[in-house]
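Asks: need the 3D shape of this:
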Amino acid sequence: MHRAPTHSKAKSHGFTLLELLVVLLIMALGSAGVAWSLRQTPEQALEREAQRLIYWLEVARVQASVQGQRVQWVATPLGYSFWVNGPSTLPKGIIPWLASSTQVVSSNSSLVLGPEPILSPQSIELGMQDTNTMRIKISTNGLSPFALSR
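Replies: Next up is the predicted model:
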C-alpha cells in the first residue's frame, strides 16, 4: 500500500502583523471619536460655569438665612469670593472660574445674600472674554432660588 506524501505545515497559533495593525487602527479611530465627542464647546463651558455659580449662591443664601448673617458675593477677574462676617462653611479666598475666559458682563459684580430669607430681585450675567455673543443670565426674583434665565 502506497501512501501519498503528506506535507506537514506547522499551524500558526498567533496573529499576523497585519491583523494586529487593523485592530490598533480600529481602536485609534474609536478613541479619537470619543475624544472628539467629549470636547466641550464654549457654550457648554459657560453653562457649566453658571450651574456651578448657582450652586454656590444657593449655599451662601442658605447659610446667610440659617445663621442670620450677611453674605456678600463678589466677582473678580480670576473668579469669585464670599465675604462673611462670622463663622462660615463657605470656601475662603477666591473660587476660580473653571474656564479662564469667563467674566461677569453685567454692571453688578456683587450680590448681597441675606440675612433676610427673602431677597430683592437680583441677577448676574456671565460671558466669555473672547466673544460678546455668548452670555448667560443667572437671576432670582427674591423668593425662588437662583436659576438660569434666558
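
Asks: flag every buried residue along the helix or strand containing E58.
Replies: In this assignment (DSSP states H and E), E58 forms part of helix 42-67. For helix 42-67, a neighbour-count test (16 or more other C-beta atoms under 10 Å) marks 45-47, 49-50, 53-54, 56-57, 59-65, 67 as buried. (C-beta placed from N, C-alpha, C; glycine too.)

Asks: list the contacts of the spatially most central residue of the chain.
Replies: Nearest residue to the geometric centre of the chain (C-alpha atoms, centre = their mean): R48, 4.0 Å. Applying C-beta atoms under 8 Å, 6 or more residues apart in numbering, we find R48 in contact with Q40, L98.

Asks: who does the longest strand anywhere in the chain pair up with?
Replies: Of all segments of type strand in the chain, defined using DSSP state E, the longest is strand 131-140. Note on strand 131-140: by DSSP bridges, its sheet partners are strand 122-128 (antiparallel), strand 147-149 (antiparallel).

Asks: and for the first one, what's in contact with it?
Replies: With C-beta under 8 Å, 6+ apart as the test, strand 122-128 has contacts from 42, 45-46, 49-50, 53, 75, 99, 101-106, 108, 111, 134-140, 142, 149.
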